[in-house]
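# generate coordinates for the sequence data below:
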Amino acid sequence: MYFVKVYVTYKESVLDPQGEAVKGAVHRLGYTEVEDMRIGKYFEIKIAKSDRPVEAMIEEVCDKLLANVNMETYRYEVQTMEEA
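Sure thing, here's the model as predicted:
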C-alpha cells in the first residue's frame, strides 16, 4: 500500500486572491515581515499496490482532476505503508 501527499498551488505567474487576502490579514495583525502568502490544496491518498506505477497514476489523477494545470502546479510525496 502507498500513502501519497499531494500539494497543489497556483503557478507563480497567477494571482492568488486568497493568498493576498490572508497576507493583508497577517499584516493587520502586525506581522509586516510576511512578504508573500500563497494558498493551496492538500490531499492525502492511499493506494493499493498494483501493476501500474504509483507515480504515473498520481500524475494522471492530478492532471485530470486535482489540479487545473493551466493555472496550478502540483508536487507529491509517495511513501510505502506497511500492511497489517
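# Val69 is in contact with Asp63, isn't it?
Yes. Val69 lies in contact with Asp63 (CB atoms under 8 Å); the separation is 5.7 Å. Bear in mind the C-beta positions are built from the backbone N, C-alpha and C, glycine included.
# number of nearby residues for Val6?
19 (other CB atoms under 10 Å).
# quick check, it in a strand?
Yes. Val6 forms part of a strand when assessed by DSSP: H, G, I helix; E, B strand; the rest coil.
# check the gap between Lys11 and Ala67 for me.
To Ala67, Lys11 is 10 Å away according to CB to CB, to the nearest Å.
# so these two - more neighbours on which side?
Between Lys11 and Ala67, counting by other CB under 10 Å, Ala67 is the more crowded of the two (21 against 12).
# joint contacts of Lys11 and Ala67?
Common neighbours of Lys11 and Ala67 (criterion: CB atoms under 8 Å, 6 or more residues apart in numbering): Thr73.
# next, find the distance separating Lys46 from Arg38.
Separation of Lys46 from Arg38 (CB to CB) stands at 27 Å.
# let me redo that: Cys62
As judged by CB to CB, Cys62 and Arg38 stand 17 Å apart.
# between the two, which one's more packed in?
Cys62 (21 against 14).
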